[in-house]
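S.K.: I would like the atomic coordinates for the input below:
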Amino acid sequence: MSSVTLVVEPSTDKKQEAPPIGIAPPTASFAKTIAKKIEQPAAAIDEETEVSRAPKTPATVLSQDGDYLKMMGVINTQSREIVFCSNDEYQYVLELGANAQEIANSILGGNLERILLEPSKGQKLVSLKDGQAVQNPFTFEEAIFQMSGSLLFCIYGVFFKRPAVLLQELKRLMIDIFKGQIKISITPMERSEIERRKNSVTAYIVHEYQKIRDTALRQASIPTMETQVKLHYIGLSYQSIGTLALLITQEGPDALPIKDISFGGDTKDGNFQDLVESLVSAKIEAIAANTLAQTRSFPRYIITKIGFDQYRVIEFFQLKNDYFLQILASGNVEILENVIHDIILPIVTSITENPFTGMLTTHNEVKVQLRDKLSNAYLYELKT
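M.R.: Residues are numbered from 1 along each chain as shown. Below you'll find the predicted structure:
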């Protein structure tokens, strides 16, 4: 394996500040850091359809800055039972989180940190400014998660300051409702108590959050210690049908900690490479398709925390002609954006210029090109 030095050029967008180098800790600033590097493709929007798809339940506005809460909830990742959900319209976010946590645990070696969604125009919260309805100019909505045993706690919305407070208060009140311990199986009496206290729990948590939101210090924005990015997997699909899957790091300390009980054998053995690539591709395709179907939002990042200031990321790119690119990597996200645009996209563009015809010959040729290019040079570093 060789290391390739990559120069990260400063942003040329004069309307924005140059983004900080690296991955921020698990705070709202993480989304802002990577959002600045994304070029949003123009898409035709059927306004009538988008209006019909707009949420029926208004979000809870957290401040005048435009941040808001759509849902907070808890799901048991083993039984898939929804323990608590403040807004039934967004129960699917909890189910999506449980599915993403399974991926984080089975192929990424960590716990789900957050999912960044790029909502359609009709789904963005509309606020009033000077008497006129305007859409808030954010890029992503976030579903932020925290595991505790088999329970996955979640808040969903747009957060600018201290979202961890919401998660901590949700966890504390849930433990209080269950008198110290949340059980795996909820009795009808306990379910009735949860439903009875649903609105008061939500209102209390939001009230407590708003009291400290602007008076307390923001969470520390510590720059990441990562000065490199490692590419683990590249996938390409056409309308949710996988057409290319390449596992780059197959063995050694940089290999993915893949574990799955559906087949036996050493997953690092070359004889199993095709099977492992199919496994990883199927899991990623499933979560992407599920996200699009359930949320009508395009998934941009699934972020897994694997250690202190260490993350693995699945990044999704929407390309021409209904193609979707998936990149699984760990390390510095800003370097990853440069690698994708400078190295990977120029190679895959040859097959995304035209719709998929069902023939995989060209796709297989591109896979060989990517393997030859990246198998011994999958680690990219900042030039110091």
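
S.K.: host element of the residue nearest to Ser240 when sequence neighbours are not counted?
M.R.: Distances taken as C-beta to C-beta, 6 or more residues apart in numbering place Ala289 nearest to Ser240, at 4.5 Å, with adjacent residues excluded. Every residue, glycine included, has its C-beta placed from N, CA and C. Assessed by DSSP states H and E, Ala289 sits inside helix 273-295.

S.K.: try Gly235
M.R.: strand 228-238.

S.K.: ok, that strand: who's next to it in the sheet?
M.R.: The strands beside strand 228-238 in its sheet (DSSP bridges) come out as strand 241-247 (antiparallel), strand 323-331 (antiparallel), strand 379-382 (antiparallel).

S.K.: put the alpha carbons of it into PDB.
M.R.: Only the C-alpha atoms of strand 228-238 are listed here, as PDB (Å, rounded to 0.1, in the frame of the first residue of the first chain):
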ATOM      1  CA  GLN A 228      -5.800  11.500   5.800                       C
ATOM      2  CA  VAL A 229      -8.700   9.600   4.300                       C
ATOM      3  CA  LYS A 230      -8.900   5.900   3.500                       C
ATOM      4  CA  LEU A 231     -11.100   4.600   0.800                       C
ATOM      5  CA  HIS A 232     -12.700   1.200   1.600                       C
ATOM      6  CA  TYR A 233     -15.500   0.700  -0.900                       C
ATOM      7  CA  ILE A 234     -16.900   2.200  -4.100                       C
ATOM      8  CA  GLY A 235     -20.300   1.300  -5.500                       C
ATOM      9  CA  LEU A 236     -22.400   2.400  -8.500                       C
ATOM     10  CA  SER A 237     -26.100   1.700  -9.000                       C
ATOM     11  CA  TYR A 238     -28.700   2.500 -11.600                       C
END
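
S.K.: can you give me the strands in the stretch 251-384 of the chain?
M.R.: Secondary structure of the stretch 251-384 of the chain by DSSP state E, counting those that start in this stretch: the strands cover 298-307, 310-318, 323-331, 379-382.

S.K.: so, low pLDDT: which residues of the stretch 251-384 of the chain?
M.R.: For the stretch 251-384 of the chain, residues meeting the criterion pLDDT under 70 lie at 259-272, 377, 381-384.

S.K.: follow-up on the earlier one: ok, the residue nearest to Ser240 to Gly242 distance?
M.R.: 11 Å (C-beta to C-beta, to the nearest Å).

S.K.: cool, Glu95 as well?
M.R.: From Glu95 across to Gly242, the span is 22 Å (C-beta to C-beta).

S.K.: who has more neighbours, those two?
M.R.: Gly242 (19 against 14; other C-beta atoms under 10 Å).

S.K.: Gly66: which of the strands paired with strand 228-238 is closest?
M.R.: strand 323-331 (29.5 Å; C-beta to C-beta).

S.K.: and the angle from that closest one to strand 298-307?
M.R.: Orientation check (axes from the mean of the first three to the mean of the last three C-alpha atoms, to 10 degrees): strand 323-331 against strand 298-307 gives 20 degrees.

S.K.: what about the stretch 51-200 of the chain, any weak spots by pLDDT?
M.R.: For the stretch 51-200 of the chain, the ranges with pLDDT under 70 are 51-55, 120-138, 179-184.

S.K.: where do the strands of it begin and end?
M.R.: Using DSSP E, counting those that start in this stretch, strands in the stretch 51-200 of the chain cover 60-61, 68-76, 82-85, 111-118, 126-129, 132-135, 141-148, 151-158.

S.K.: closest to Met189 out of those?
M.R.: strand 82-85 (14.3 Å).

S.K.: who's in contact with that closest one?
M.R.: Here strand 82-85 makes contact (C-beta atoms under 8 Å, 6 or more residues apart in numbering) with 71-76, 91, 94-95, 151, 170, 174, 182, 186, 194, 198, 201.

S.K.: which among these end up buried?
M.R.: Buried residues within the contacts of strand 82-85, counting neighbours by 16 or more other C-beta atoms under 10 Å: 71-76, 94, 151, 170, 174, 182, 186, 194, 201.

S.K.: wait, Asp309 touches Glu226, no?
M.R.: Yes: using C-beta atoms under 8 Å, Asp309 is in contact with Glu226, at 7.2 Å.

S.K.: between the two, which has more neighbouring residues?
M.R.: Comparing Asp309 with Glu226 by other C-beta under 10 Å, the one with more neighbours is Glu226, at 21 against 15.

S.K.: make sure that one is actually in contact with Gly331.
M.R.: Yes: using C-beta under 8 Å, Glu226 is in contact with Gly331, at 4.6 Å.

S.K.: ok, and the closest non-adjacent residue to Gln294?
M.R.: Tyr92 (4.1 Å).

S.K.: report the longest helix in the protein, please.
M.R.: helix 188-213 (DSSP state H).

S.K.: what packs against that one?
M.R.: Applying 3 or more C-beta pairs under 8 Å, 6 or more residues apart in numbering; DSSP states H and E, one finds that helix 188-213 makes contact with strand 68-76, strand 82-85, helix 163-177.

S.K.: how about the ones you listed in CSV, adding distance to Lys373?
M.R.: Shown next, in CSV, are the helices and strands packed on helix 188-213 (distance: least, C-beta to C-beta, whole Å):
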stretch, distance to Lys373
strand 68-76, 41
strand 82-85, 45
helix 163-177, 39
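
S.K.: show me where the stretch 1-150 of the chain has helices.
M.R.: Under the criterion DSSP state H, counting those that start in this stretch, the stretch 1-150 of the chain contains helices at 28-35, 47-53, 91-103.

S.K.: and the last one, what does it pack against?
M.R.: Based on contacts counted as 3+ C-beta pairs under 8 Å, 6+ apart, the elements that helix 91-103 packs against are strand 68-76, strand 82-85, strand 111-118, strand 141-148, strand 151-158, helix 273-295.
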